[in-house]
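A.B. asks: Quick one, structure for this:
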Amino acid sequence: MWTIATFNVNSIRKRISLVSEWLAIHQPDVLCLQETKVQDSEFPTQALAPSGYQWVFRGMKAYNGVAILSRELPGDVSFGLQDGKEPDEFRLIQATVNGLTIVNTYVPQGSAINSPKYAYKLDWFKRLRVYFQNLGVPDKPVVWLGDMNVAPTPIDVHHPESHEDHVCYHVDARTAYHTVMELGFEDVYRRLHPATRQYTFWDFRMPRALERNLGWRIDHILATPSVASYCEQAGVDLNARKHPEPSDHTIVWARFRD
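C.D. replies: Next comes the predicted model:
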């Protein structure tokens, strides 16, 4: 079995004990991180060294940042959308591990519907679609995962009727996300749990959001057909969100047969 996981850490330095503990207990083959919020020179490699994992990352001070931690050294590493525009290297990292192409993304949140940041988010998905077309999706074995900042369906957000104008549930954001998925990606969690209401993010600003289960499923693991068909288990680890020093997100994982 081969396990891959994704986690928006909301600062790798603040969450280093959580990440180290989770790696030691669960020993995934790959853990992808988003929102590391640290420039490359200060990424906590020394603290991670005892884990035995290899890593590649790209980050900036206080915002964004992506990383891949892997049992084997990732190969063919690249950053950003690579389309001649601003590549946004702090939001996308691609690498090859165990014969799979892994694309770890931290999709822009969008701020507000009338914000230029939301227009940038929608355009980011358009650029990402072209990126995957150039990569050879759906024929190539690809896993796309990360914080997508989109709750794809009503079951993926609490009280969906009150969030129709939210940048992570607005119809344009969902359409943009699905347009990329339609290239040939399958949500492996939904493949195995088609009707389960399970969230991956609970806003710190909302009182007792976790206890009241007022959350969003915006962290996803997606795979092309040749990979998705091998997925036998997928889940959301609530214990990470209950950690003494939690992120506002938790860890999503998927297990594939060899």
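A.B. asks: Can you get me the centre-to-centre distance for stretch 118-135 and its chain?
C.D. replies: Between the centre of stretch 118-135 and the centre of its chain there are 16 Å (CA atoms, centre = their mean, to the nearest Å).
A.B. asks: cool, stretch 80-89 as well?
C.D. replies: 18 Å.
A.B. asks: tell me which residues of it are tucked away?
C.D. replies: Neighbour-count burial for stretch 80-89, counted by 16 or more other CB atoms under 10 Å, picks out 80-82, 88-89. No exception for glycine: its C-beta is placed from N, CA and C like everyone else's.
A.B. asks: same check, this time on stretch 93-107
C.D. replies: Across stretch 93-107, burial judged by 16+ other CB under 10 Å covers 93-98, 100-107.
A.B. asks: where along the stretch 51-200 of the chain do the helices fall?
C.D. replies: For the stretch 51-200 of the chain, the helices defined by DSSP state H, counting those that start in this stretch occupy 116-135, 171-181, 188-192.
A.B. asks: can you state the direction angle for the longest one and helix 171-181?
C.D. replies: Here helix 116-135 runs at an angle of 10 degrees relative to helix 171-181 (axes from the mean of the first three to the mean of the last three CA atoms, to 10 degrees).
A.B. asks: Now do helix 116-135: which elements does it pack against?
C.D. replies: Counting contacts by 3 or more CB pairs under 8 Å, 6 or more residues apart in numbering; DSSP states H and E, helix 116-135 is packed against strand 92-97, strand 100-106, strand 142-147, helix 171-181.
A.B. asks: Show the low-confidence segments of the stretch 1-150 of the chain, by residue range.
C.D. replies: Scanning the stretch 1-150 of the chain for pLDDT under 70 picks out nothing.
A.B. asks: Export the helices and strands packed on helix 116-135 to CSV and append columns for distance to L33.
C.D. replies: Output for the helices and strands packed on helix 116-135, formatted as CSV (distance: least, CB to CB, whole Å):
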stretch, distance to L33
strand 92-97, 10
strand 100-106, 8
strand 142-147, 9
helix 171-181, 21
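A.B. asks: re the thing from before, and the buried residues of stretch 93-107, which two are furthest apart?
C.D. replies: N98 and V107 (24.6 Å; CB to CB).
A.B. asks: helix, strand or coil for I4?
C.D. replies: Following DSSP: H, G, I helix; E, B strand; the rest coil, I4 is assigned to strand.
A.B. asks: Report the beta-bridge partner residues of it.
C.D. replies: Counting by DSSP bridges, I4 is bridged to V30, A254.
A.B. asks: For it, give its distance to K37.
C.D. replies: Remark: distance between I4 and K37 (CB to CB, to the nearest Å) = 22 Å.
A.B. asks: still on that earlier bit, what about the helices of the stretch 51-200 of the chain, which gets the closest to A228?
C.D. replies: helix 188-192 (5.6 Å).
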